[in-house]
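Colleague: Structure, please.
(4 chains)
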There are 2 protein chains.
Amino acid sequence: MDARQILKDHIGKTVELTDAQFDGFYACFKPETFRKGQVLIREGELVTREYFVVSGCLKTYFLNDELKMTILQFAMPTWWASDYDALYNGRRAVVTVDCVANAEVLSLSAEDRERMCHEIEAIGHFFRWRTNRGYVASQRRLLSIMTNDARKRYEDLLAQYPTLFQLVPKHLIASYLGVSRETLSRLYHGSR
Amino acid sequence: MDARQILKDHIGKTVELTDAQFDGFYACFKPETFRKGQVLIREGELVTREYFVVSGCLKTYFLNDELKMTILQFAMPTWWASDYDALYNGRRAVVTVDCVANAEVLSLSAEDRERMCHEIEAIGHFFRWRTNRGYVASQRRLLSIMTNDARKRYEDLLAQYPTLFQLVPKHLIASYLGVSRETLSRLYHGSR
DNA sequence: TGCAAAATGTGATGTAGGTCACGCAATGTC
DNA sequence: GACATTGCGTGACCTACATCACATTTTGCA
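Modeller: Next up, the predicted model:
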């Protein structure tokens, strides 16, 4: 299935657009491809676009002063990624987004998004809904970190995104789960 | 300052509304007051409204199977609170929202919000922006939990919301910070 | 004003998971 | 095909914080 159809299906789950409306909207998107390791958004720089993942996988992460990486999000197909604080408020990025597995994406500028939200009410609705969904997911993740131990978090992730474990190296998964790579290794081998 | 003006100022920071537009919008809100301990949203029930805090303080929390409480958010004046998964998707609430310090709020139904977003583009913009802001705050909180130790989290919270420590009991703050009440107590008395 | 309940302080002890140190694949690249 | 880089597994040790147990203070309210 091509990028256009994947985006169309994705949006169609939330709002109804006429073919003409979708065409106008789709025309705002720029297809791009990235290879493993390439950077989409670099910490400290301005952010002008957000990215809809068609295939492959991205990660959004933060590096603290000691260069310890914390992964905030993996973006699998039909997920969106950006630094939304930077994108909305014209600030510089505090996170980095890069490519974990060769990816096709559709990118959209903040201006085009706002313009389309203004022109077509359903698109405004879609983005309200999408951001709400991200917000809810983020709250759920917070809850998971605060209430579950490492093993439970690991098992939940494995149940929800089994493919992730084939797609990305384990130490990245560890970082996402908020445990050391050693602990993650021990979680599914040895000692129960 | 009255509720109406506080809401007007709050919205005015993000979008420009004509007086007529604001009046129409404000008419959708229902002023309500709650006393300490009263419940606004109960886990397991349907959620029809969201709440804008004018004065006082609310908390949003989750109870796990062992009845351990985790506070996701305090809502101080000009913050919004609801179960946004339930509100947007017609699901039952998974969190509870109750009143921590006697509060005045303005409540808004999901239908009215959607209707106003549809009628007035600026209001749609406001809600996109607001949800984005919540999303960003949630991500920041996640980062703080994953990268900082208890003392750092405590100090950051104290610096950002000094009034919170007068307003709400310490064991609730502990729950928000993700530490036991004993640990929080030790953080600012005894042992450095 | 007096009493129960809620909130807080503090010591002793337990443990999940971090850190360090090492060896051993697997993978890419000149 | 050699060699460097990156990823992974595993033991020994350490620490931040939880849990338990109990004392003390504060608060709400009859």
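Colleague: separation between A:Ala103 and DNA strand D?
Modeller: 16 Å (Cβ to the nearest atom of the strand, to the nearest Å). Where C-beta positions appear, they are placed from N, C-alpha and C, glycine not excepted.
Colleague: count of residues packed around that residue?
Modeller: For A:Ala103, the neighbour count with other Cβ atoms under 10 Å in any protein chain shown is 25.
Colleague: likewise the one 5 residues further on?
Modeller: Burial of A:Leu108, expressed as a neighbour count using other Cβ under 10 Å, amounts to 22.
Colleague: residue contacts, it?
Modeller: By Cβ atoms under 8 Å, 6 or more residues apart in numbering or on different chains, the contact set of A:Leu108 is A:28-30, A:49-52.
Colleague: Just the buried residues of the residues you listed.
Modeller: Buried subset of the contacts of A:Leu108 (neighbour count, 16 or more other Cβ atoms under 10 Å in any protein chain shown): A:28-29, A:49-52.
Colleague: of all those residues, which comes closest to DNA strand D?
Modeller: Nearest to DNA strand D among these: A:Tyr51, at 21.4 Å, using Cβ to the nearest atom of the strand.
Colleague: What's opposite the closest residue to the closest one other than its chain neighbours in the beta bridge?
Modeller: Leaving aside its sequence neighbours, A:Tyr51 sits nearest to A:Val105 (Cβ to Cβ, 6 or more residues apart in numbering or on different chains; 4.5 Å). For A:Val105, the beta-bridge partners under DSSP bridges are A:Glu32, A:Val53.
Colleague: so how far is A:Phe22 from A:Val105?
Modeller: 18 Å (Cβ to Cβ, to the nearest Å).
Colleague: okay, the two: which has more neighbours?
Modeller: With neighbours defined as other Cβ under 10 Å, A:Val105 and A:Phe22 compare such that A:Val105 has more, 27 against 19.
Colleague: Was I right to think that one contacts A:Glu32?
Modeller: Yes: applying Cβ atoms under 8 Å as the test, A:Val105 and A:Glu32 come out as touching, 5.4 Å apart.
Colleague: dump the residue contacts of A:Lys30.
Modeller: A:Lys30 touches A:49, A:106-108, counting by Cβ under 8 Å, 6+ apart.
Colleague: any idea which of those is closest to B:Thr147?
Modeller: A:Arg49 (26.6 Å; Cβ to Cβ).
Colleague: chain center to the helix or strand of chain A with the lowest mean pLDDT, what's the gap?
Modeller: Across the helices and strands of chain A, mean confidence by mean pLDDT, DSSP states H and E is lowest for helix A:164-167: a mean of 92. Relative to the centre of its chain, helix A:164-167 is centred 15 Å away, using Cα atoms, centre = their mean, to the nearest Å.
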